[in-house]
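**Q** Model the following, please.
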Amino acid sequence: MNFLFIHQNFPGQFRHVAWALAQDPAHQVVAMGEDGNLRKLPPLHARIQTLAYPAPPAVQAQTHPYLRDFERHVRRGQQVARLCLALRERGFRPDVVLVHPGWGEGLFVRDIFPEARHIHYLEYFYQGRGGDIDFDPEFPQTLDDQARVRIKNSTQLPGLVDCDVGVSPTQWQCSRYPPMVRANIKVLHEGIDTDAIAPNASATFESQGLRFRAGDEVVTYVARNLEPYRGFHVLMRSLPEIQRRCPRAHTVIVGGDDVSYGSRPTQAATYRELYRRELGDTVDWDRVHFTGRIPYRDFLSLMQVSACHVYLTYPFVLSWSMLEALSAGALVVASDTEPVREVVEHGVNGWLVNFHDTQALADRVADVLRNPAACTAIRRAARDTVRQRFDLRRICLPQWLQLLTSVSPSQTREAPTEVP
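**A** Have a look, this model is predicted:
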């Protein structure tokens with residue numbers, strides 16, 4: 001069979017299934033992504049033909065603010081369409097197209113490959129209420145915010161109508177989509193490699209001249225970027241109390257200073273700078289270690305030595321890092337928010353705290369650090385949860401392969417020959 005994967009940051013969520021398909025000589029696998037992103041990563045597999053398109057040009061200043069993302073997405077979609085036309089002219093006809101539609105790449109692909117089965121990875125559908133937008137009173141929403149996110153969904157809407165099937169990684173993320181399309185969405189996570197991500201009592205993690213090992217009082221926090229969407233402000237404000245109650249504890253904070261979600265801070269260059277300034281000398285900064293982004297192998301070692309891993313998030317996309325922490329046997333203290341509650345059961349495989357309650361977070365972290373033996377069963381249950389529900393090789397990947405290789409092409413339509 002022929003497969004076409006499209007993701008601006010390929011492989012993204014398609015890493016495992018694209019690699020597995022490429023392992024089979026019976027399949028031909030082609031991938032598309034933005035050239036700048038593709039250059040940052042080594043090739044995923046020698047048998048995957050990877051095609052790059054340039055980043056879309058900047059939008060015009062006179063474009064309405066609500067439409068700037070959409071205009072950029074349409075331009076991105078045109079660039080992908082041109083690549084698809086060239087691919088078609090060379091004789092490639094995909095049986096299956098798997099695309100993340102969030103950046104516009106899937107807008108016009110069906111018109112070029114109408115005979116293919118089109119599967120859309122549906123990560124998140126924005127709503128003005130009940131999710132991330134109206135969650136944090138420190139960053140109150142406005143009518144302008146609600147209007148903006150309504151238009152933000154415009155990129156996904158054509159695909160929701162036209163795709164053959166959608167895939168969402170969790171039940172809660174699926175629930176954010178309109179009721180009329182949910183019946184066409186399969187809940188299927190990308191999978192966690194529990195064989196590779198496992199407890200290791202002899203693991204060590206080195207940071208800024210310090211060396212941590214299992215048994216040390218190490219509090220960990222990981223996010224792509226240090227920002228309110230992932231509760232960075234809540235963690236920071238809990239540090240004075242954590243340090244007061246646990247005078248030997250060190251906190252290792254992993255993440256960049258950019259902004260992935262939400263708006264940038266207005267009173268400082270980064271959120272890290274903003275909250276360090278706010279907390280001042282109430283925190284012993286010698287016991288707080290900001291590592292920036294780190295190699296994956298170092299992240300894994302950190303989860304293996306972690307005495308308590310803090311995971312906080314708005315009601316939003318569930319991070320891989322939380323599931324990986326559970327798989328590594330970390331004791332997770334997490335926010336009591338919808339995407340987390342789908343996985344973490346309070347007192348069974350982790351602990352839940354009110355996202356906004358810094359005192360409750362500090363109390364729970366301190367209890368974990370001071371009673372490590374009491375957490376052994378919870379750590380074991382955490383890993384069992386991931387193995388039973390999200391295991392890559394035994395559960396998720398077989399389901400992905402079944403989904404992609406058992407489909408029959410949709411009814412053939414006439415394909416165009418050019419894109420404006």
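**Q** Quick check: Glu107 touching Arg75?
**A** For the record, residue 107 is Leu, not Glu. No. Leu107 is beyond contact range of Arg75, at 10.1 Å (criterion: CB atoms under 8 Å). All C-beta spots, glycine's among them, are computed from the backbone N, C-alpha and C.
**Q** higher neighbour count, those two?
**A** Per other CB atoms under 10 Å, whichever of Leu107 and Arg75 has more neighbours is Leu107, with 22 against 16.
**Q** Three-state assignment for the more buried one, please.
**A** coil (DSSP: H, G, I helix; E, B strand; the rest coil).
**Q** how close does it get to Tyr296?
**A** Going from Leu107 to Tyr296 by CB to CB, to the nearest Å gives 32 Å.
**Q** same deal with Met32?
**A** Distance, Met32 to Tyr296, by CB to CB: 24 Å.
**Q** Equivalent analysis for Val288, please.
**A** For Val288, the distance to Tyr296 equals 23 Å [CB to CB].
**Q** more crowded one of those two?
**A** A count of neighbours by other CB under 10 Å puts Val288 above the other of Val288 and Tyr296, at 18 against 11.
**Q** Without its sequence neighbours, what residue ends up closest to that one?
**A** Excluding the flanking residues, the one nearest Val288 by CB to CB, 6 or more residues apart in numbering is Thr251, at 5.0 Å.
**Q** In terms of helix, strand or coil, where does the one you found fall?
**A** strand.
**Q** surely it meets Asp216?
**A** No. Thr251 is beyond contact range of Asp216, at 11.7 Å (criterion: CB under 8 Å).
**Q** the more surrounded of these two?
**A** Thr251 (25 against 16).
**Q** beta partners of that one?
**A** Val219, Val288 (DSSP bridges).
**Q** Could you pull up the residues touching it?
**A** Val218, Val219, Thr220, Tyr221, Leu239, Ile242, Arg287, Val288, His289 (CB atoms under 8 Å, 6 or more residues apart in numbering).
**Q** right, and the last one touches Ala249 too?
**A** No. Using CB under 8 Å, His289 and Ala249 do not qualify as a contacting pair, with a distance of 11.6 Å.
**Q** Which one of these two is surrounded by more residues?
**A** Per other CB under 10 Å, whichever of His289 and Ala249 has more neighbours is Ala249, with 22 against 19.
**Q** and the nearest residue to the more buried one once chain neighbours are set aside, how many neighbours does it have?
**A** Excluding its sequence neighbours, the residue lying closest to Ala249 (CB to CB, 6+ apart) is Glu217, at 4.2 Å. Neighbour count for Glu217, taken as other CB under 10 Å: 19.
**Q** what does the one 10 residues further on give?
**A** Residues contacting Glu227 under the criterion other CB under 10 Å number 24.
**Q** thinking it is in contact with Tyr271, fair?
**A** Yes. Glu227 is in contact with Tyr271 according to CB under 8 Å; the separation is 5.4 Å.
**Q** what's the overlap in contacts for these two?
**A** Common neighbours of Glu227 and Tyr271 (criterion: CB under 8 Å, 6+ apart): Val259.
**Q** that older thread, in terms of distance to Ala362, which of the contacts of Thr251 ranks first?
**A** Lowest distance from Ala362 to the contacts of Thr251 (CB to CB) belongs to Ile242, with 4.9 Å.
**Q** Now do the contacts for Asp35.
**A** By CB under 8 Å, 6+ apart, Asp35 lies in contact with Ala52, Tyr53, Pro54, Ala55.
**Q** ok so, going back, dump the residue contacts of the residue nearest to Ala249.
**A** Per CB under 8 Å, 6+ apart, neighbours of Glu217: Cys246, Arg248, Ala249, His250, Ala307, Leu369.
**Q** Over to Ala269?
**A** Ala269 neighbours (CB under 8 Å, 6+ apart): Asp257.
**Q** For it, give me the pLDDT.
**A** In this model, Ala269 is scored at 96, pLDDT.
**Q** what's the average pLDDT for stretch 275-286?
**A** Rounded mean pLDDT across stretch 275-286 is 97.
**Q** Please enumerate the helices of the stretch 1-150 of the chain.
**A** Remark: helices assigned in the stretch 1-150 of the chain by DSSP state H, counting those that start in this stretch are 15-23, 35-38, 68-89, 109-112, 143-152.
**Q** Turn the ones you listed into a markdown table, including mean pLDDT.
**A** Output for the helices of the stretch 1-150 of the chain, formatted as a markdown table (pLDDT from 0 to 100):
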| stretch | mean pLDDT |
| --- | --- |
| helix 15-23 | 98 |
| helix 35-38 | 96 |
| helix 68-89 | 96 |
| helix 109-112 | 97 |
| helix 143-152 | 88 |
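**Q** Which one of the ones you listed lies nearest to Ala196?
**A** With CB to CB as the yardstick, what comes closest out of those is helix 15-23 (11.5 Å).
**Q** contact partners of the closest one?
**A** Contacts of helix 15-23 (CB under 8 Å, 6+ apart): 3, 5, 10-11, 27, 29, 31, 44-48, 98, 190-191, 193, 392, 396-397, 400-401, 404-405.
**Q** Separate out the buried members of those residues.
**A** Neighbour-count burial (16 or more other CB atoms under 10 Å) is assigned, among the contacts of helix 15-23, to 3, 5, 10-11, 27, 29, 31, 44-45, 48, 98, 190-191, 193, 392, 396-397, 400, 404.
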